[in-house]
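> Here's my sequence, what's the structure:
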Amino acid sequence: MAKIWKSFLMFVVLVMVMGVVPAIFSASPVQANMSNITVNPYDSNFIGETSSYIITMTTGAMLQPPSAKITIEFPAGTDISAVAAAHVFIKGAVCTTVNIVGQQLEATVPGAVLINPGETFTVTISTAGGITNPPDSSNSGDGRYTVDVWTSVETTHVPSSAYTIFAVDLWESNGTTWKDSYTTIQAAIDAAAAGDHITVPAGTFTENVNVGLPLTIQGAGSATTTVTAANPASSVFNVTANSVDISGFTVSGATVATTAGIYLANGVTLCNIHDNTLTGNGDGLWLGSGSNHNTITNNDVSNNLWQGLEIYISNDNTFSDNTANSNTSYGFKIDSGDHNTYTHNTANSNGKYGFYVVTGDGGGATNNTFTNNIANLNTQYGIRINGGSDYTLTGNTFNANVLEGIRLKENITNLSMQNNNITNNPIGIDIDASVADVSTWTVTNNNITGNTTSGISNNATTGTLEATNNR
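Residues are numbered from 1 along each chain as shown. Next up, the predicted model:
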């Protein structure tokens, strides 16, 4: 019995040395396939544009030159016909042999490259290869794509995770019927009909956009979609049509005087500008003469070269929940305008004033209302009003401005200031000697405390100021 057992052990050793393992001891090994495949189109990931590609993958088997090959099958519509061996790099080494058949690119692993089982590596196809991104395949938004990868050893076709080719999409006015895709905002506008919707993906667009139709233009969000002026001497968005809705952008780069991030041209009405960041422009937002009945909401118009937001001879506009901080001159400026309403806006740390109202050369400023706004820490005044009539200031905060909380000049009639916090300025309310008469003013129920020189400095030439129940 011992001899039989010894003979059996010698047989096992022999077959192991010879590399022959009987089925009774082990099943045949299962060959792993490619895995963890990701695709990164870079330089451009917009439809129809030339791009470079980095394809990252993990091999399940050894890929050893000179016989190992990697095949990548691109989706329909991707033009790979210009790719040559010199454009393809495996683990950073340039390929010597590449074959293109239809949508398939087969690359031979370079002689100096050994890819071990379980190794993650990259195949890079340079811009010089001229891969042209496919069109939008979904016809309903940004195209989602995959590539298939296999090798001469791992023959199963394995798809990558999905990657996106972006598009500026044009929709009918119902917002759900897709019309076409474009690579620029202007191209989509030029193809649009009145009332259409345009959706703009995340990314940076360098263009000056002219909007001459009533359209809805919606970015993916100001944190991700940026439009920068191609020509800094022109406004980034130049709106010449009524009933335009613009939202979801960061807009910058119009840096010459009289330009703006968004400019509503003379006579433009009924526009809705909301949820944008307008920074690094001459003015963040500018409403031209006769640009009336517009709604401006929840925009950040900070850090501009002149004003955050300016209106010029514009009436009946509504401004709410906007932020205009750290502009070189003013946060908000009214250069002539009637019946404009400012509510819940913030204008802090501007180079001159938080709010500035001047009658200018447009015939005056009347019936403008300021409610629950904040203007703190401005280099000169929280608000300055030069002339006009029928102002209402209610529930605002003017705190810690360098010179004065409120500065009032020239002939102003029918001014009401109630329930405001005018605190911690050198002068709370400064009424200049150029004010002819304060008898039509009421200053009541305000908190006028902590001002180091005076709470109210009244230098008006005539009239008795009604200032009651203030503290």
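> and the nearest residue to residue 437 once chain neighbours are set aside, what does it touch?
The shortest distance from residue 437 to any non-neighbouring residue, by CB to CB, 6 or more residues apart in numbering, is to residue 463 (4.1 Å). C-betas here are computed from N, CA, C, even on glycine. Residues in contact with residue 463 (CB atoms under 8 Å, 6 or more residues apart in numbering) are 436, 437, 438, 439, 440, 441.
> In contact with residue 428, which residues?
Residue 428 neighbours (CB under 8 Å, 6+ apart): 398, 404, 405, 406, 422, 448, 451, 454, 455, 456.
> for the strand or helix carrying it, the distance to its chain's centre please.
For residue 428, the host element (DSSP states H and E) is strand 427-431. Once both centres are worked out by CA atoms, centre = their mean, to the nearest Å, strand 427-431 turns out to sit 40 Å from its chain's centre.
> what comes up buried for that strand?
Residues of strand 427-431 classed as buried by neighbour count (16 or more other CB atoms under 10 Å): 427, 428, 429, 430, 431.
> Mind checking the pLDDT average for the next helix or strand after that strand?
Where DSSP H and E defines the elements, the next helix or strand beyond strand 427-431 is strand 442-444. Per-region confidence: strand 442-444 scores 97 on mean pLDDT.
> Mind listing residues that contact strand 442-444?
Identification of contacts with strand 442-444 by CB under 8 Å, 6+ apart yields 415, 416, 417, 418, 429, 456, 465, 466, 467, 468, 469, 470.
> For the next helix or strand along the chain from it, which helices and strands make contact with it?
Sequence order places strand 454-458 as the next helix or strand after strand 442-444, per DSSP H and E. The contact analysis (3 or more CB pairs under 8 Å, 6 or more residues apart in numbering; DSSP states H and E) places strand 454-458 against strand 427-431.
> Strands along the stretch 301-450 of the chain, start to end?
307-312, 318-320, 330-335, 337-338, 341-343, 353-358, 365-366, 369-371, 381-394, 397-399, 404-418, 421-423, 427-431, 442-444 (DSSP state E, counting those that start in this stretch).
> which intervals of the stretch 51-200 of the chain have sub-threshold pLDDT?
For the stretch 51-200 of the chain, residues meeting the criterion pLDDT under 70 lie at 136-142.
> in it, which spans are strands?
In the stretch 51-200 of the chain, the segments counted as strands under DSSP E, counting those that start in this stretch are 69-73, 88-90, 93-94, 98-101, 104-108, 120-125, 131-132, 143-145, 148-151, 158-159, 163-165, 168-171, 178-182, 197-200.
> Turn those strands into a markdown table, columns for mean neighbour count and distance to residue 82.
Formatted as a markdown table, the strands of the stretch 51-200 of the chain follow (neighbours: other CB atoms under 10 Å; distance: least, CB to CB, whole Å):
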| stretch | mean neighbour count | distance to residue 82 |
| --- | --- | --- |
| strand 69-73 | 21 | 15 |
| strand 88-90 | 22 | 12 |
| strand 93-94 | 14 | 16 |
| strand 98-101 | 14 | 9 |
| strand 104-108 | 20 | 11 |
| strand 120-125 | 18 | 10 |
| strand 131-132 | 21 | 8 |
| strand 143-145 | 19 | 19 |
| strand 148-151 | 21 | 21 |
| strand 158-159 | 15 | 24 |
| strand 163-165 | 20 | 18 |
| strand 168-171 | 23 | 25 |
| strand 178-182 | 19 | 23 |
| strand 197-200 | 23 | 29 |
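> I'd like the ones you listed laid out as CSV, including distance to residue 371.
Formatted as CSV, the strands of the stretch 51-200 of the chain follow (distance: least, CB to CB, whole Å):
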stretch, distance to residue 371
strand 69-73, 61
strand 88-90, 62
strand 93-94, 67
strand 98-101, 67
strand 104-108, 64
strand 120-125, 58
strand 131-132, 55
strand 143-145, 47
strand 148-151, 61
strand 158-159, 57
strand 163-165, 44
strand 168-171, 37
strand 178-182, 42
strand 197-200, 33
